[in-house]
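J.: Give me a 3D structure for the following:
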Amino acid sequence: MQILTDKTRPKTIIFLIVLFSFGMVMSLLAVFTLLFPQSRIQGVWSINPEGHQAFLKMGAWSFLVLCPVTILCFIAASGLALHRKWGYYAANVLLGLNLLGDIGNIILRDEYRSLIGIPIATVLLILLNRSNLRRYFGFF
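T.: Presented below is the predicted three-dimensional model:
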């Protein structure tokens, strides 16, 4: 796997490629389990039964959330892996939306479990926007 073994690729980028790839797979898995509720993999929702109920309540709207997340995770992971500026932009957009979503969950839904996401997304945004990574993607 040349993508993950390149000696010049910063470790932060490798980590983000893996993170966004994982996000893409999990989001796609969520879509699949919602489309096929009798499938054998429904047990994955035991990790987050509240999330499952929330998506079930949303009905078809859940696909309008999950499908773009899946696509954007794919774009970010592949763009970072291919060393493209659009991958860098997609990663920033995804992390920024994640941060805003966590803040919104706390304010609008009293979802205090989202508190953990705020420092994580903030640190990832800071790491992604360090000068060495900006130079790596051709920014000055």
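
J.: State the pLDDT value of K7.
T.: Here, the pLDDT recorded for K7 equals 69.

J.: S131 now?
T.: So S131 comes in at 94 (pLDDT).

J.: What's the separation between it and F137?
T.: Here S131 is placed at a distance of 11 Å from F137 (CB to CB, to the nearest Å). C-beta here means a position set from N, CA and C on the backbone, and glycine is covered the same way.

J.: who has more neighbours, those two?
T.: Applying other CB atoms under 10 Å to S131 and F137 shows that F137 carries more neighbours, namely 18 against 9.

J.: Let me see the contact set for the closest residue to that one other than its chain neighbours.
T.: Distance criterion CB to CB, 6 or more residues apart in numbering; nearest residue to F137, sequence neighbours excluded, is Y88 at 4.5 Å. Going by CB atoms under 8 Å, 6 or more residues apart in numbering, Y88 touches 79-80, 128, 133, 137.

J.: please redo it, this time with the cut-off set to 7 Å
T.: If a contact means CB atoms under 7 Å, 6 or more residues apart in numbering, then Y88 has 79-80, 137 as its contacts.

J.: For K57, the count of nearby residues, please.
T.: K57: 9 surrounding residues under other CB under 10 Å.

J.: Could you do L95 as well?
T.: 24.

J.: Verify the contact between it and A121 for me.
T.: Yes: judged on CB atoms under 7 Å, L95 makes contact with A121 at a distance of 5.3 Å.

J.: Low-confidence stretches in this protein?
T.: Along the chain, segments meeting pLDDT under 70 span 1-7.

J.: Let's see that with 50 instead.
T.: Across the chain, the ranges flagged by pLDDT under 50 are 1.
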